[in-house]
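A.B. asks: need a 3D model of the sequence below.
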Amino acid sequence: MKGDLFSSQHVVQPAVAPGMSAENAKCIKYAVNGEMYARQGAMVAYRGDLVFERKGQGVGGMLKRAVTGEGLPLMAVRGQGEAWFAHEAQNCFIVDVEPGDQFTVNGRNVLCFDASLSYEIKTVKGSGITGGGLFNSVFTGQGRLGLVCDGNPLVIPVSAQAPVYVDTDAVVGWTTHLQTSLHRSQSIGSMLRGGSGEAVQLMFQGEGFVVVRPSELTPQKNQQH
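C.D. replies: Coordinates of the predicted model:
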């Protein structure tokens with residue numbers, strides 16, 4: 001076979017080390033030697049001796065998902081081999097979580113992660129009922145976390161002097177030392193006139209980074225997730 005499709009740009013190469021790596025902008029490769037976790041249904045191909053099993057979230061996680069319609073539906077991948085993960089051709093990124101780090105991320109943006117990482121589904125502080133029941137996954141420990149995002153994300157520095165306001169449908173995640181609260185940027189007069197479409201944002205204060213997708217979540221996408 002000849003042609004651009006079979007060029008070295010597209011033909012995958014064997015993994016040189018266990019663990020996670022970027023296959024290309026839209027796909028993450030994981031060389032499994034034991035166990036790892038991934039979003040249910042995210043595996044697009046694999047080779048080797050691997051098994052895929054649904055992973056429960058525990059009673060607390062199941063209750064939160066039932067209330068919010070969100071969550072982190074996971075599968076465990078066990079054995080030895082290589083697996084490729086992707087989701088709707090979204091862009092893929094890898095985050096290295098170090099001991100003492102805490103990275104909070106929206107469940108819909110999680111693709112896969114090392115078994116050495118721990119995660120817990122938590123309420124976003126300060127979001128209240130108005131925030132639509134914002135539940136995000138908080139990752140701790142040491143390991144790699146694979147994320148997906150519609151388009152290239154914006155990584156915005158937050159400082160004590162310059163808080164950042166993010167649409168609740170656009171936020172992907174944020175780092176350890178940021179505090180969250182709801183912020184209303186729309187006046188009562190504007191609301192009475194039909195509103196601007198930007199009534200409430202999540203305000204981040206402190207020192208760190210917030211990751212934002214370059215688009216808001218549409219109702220159709222929200223139903224798919």
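
A.B. asks: in the protein, what residue spans correspond to helices?
C.D. replies: Remark: helices assigned in the chain by DSSP state H are 58-68, 188-192, 219-224.

A.B. asks: and the shortest one, average pLDDT?
C.D. replies: Same thing as helix 188-192. Confidence over helix 188-192 (mean pLDDT, whole number) is 44.

A.B. asks: likewise the last one?
C.D. replies: Confidence for helix 219-224, expressed as mean pLDDT, is 50.

A.B. asks: same check on stretch 165-185?
C.D. replies: Along stretch 165-185, the predicted local confidence has a mean pLDDT of 88.

A.B. asks: contacts for stretch 28-42?
C.D. replies: Applying C-beta atoms under 8 Å, 6 or more residues apart in numbering, the external contacts of stretch 28-42 come out as 12, 15, 17-23, 48, 50, 54-55, 72-87, 92, 94, 110-115, 146. In this view, the C-beta of every residue, glycine as well, is placed from N, C-alpha and C.

A.B. asks: likewise stretch 172-184?
C.D. replies: With C-beta under 8 Å, 6+ apart as the contact definition, stretch 172-184 has outside contacts at 101-106, 109, 124-128, 130-131, 136, 147, 149, 153, 158, 165, 199-213.

A.B. asks: rerun that using 6 Å as the cut-off
C.D. replies: Residues external to stretch 172-184 that are found in contact with it (C-beta atoms under 6 Å, 6 or more residues apart in numbering): 102, 104-106, 109, 124-126, 130-131, 149, 153, 158, 165, 200-211, 213.

A.B. asks: of the residues you listed, buried ones?
C.D. replies: Under a neighbour-count criterion of 16 or more other C-beta atoms under 10 Å, the subset of the contacts of stretch 172-184 counted as buried comprises 104-106, 109, 124, 131, 149, 153, 158, 200-205, 208-211, 213.

A.B. asks: from Gly3, how far out is the residue nearest the centre of the chain?
C.D. replies: Note on the chain: the residue nearest the mean C-alpha position is Asn109, at 2.5 Å, using C-alpha atoms, centre = their mean. Between Asn109 and Gly3 the distance, using C-beta to C-beta, to the nearest Å, works out to 34 Å.
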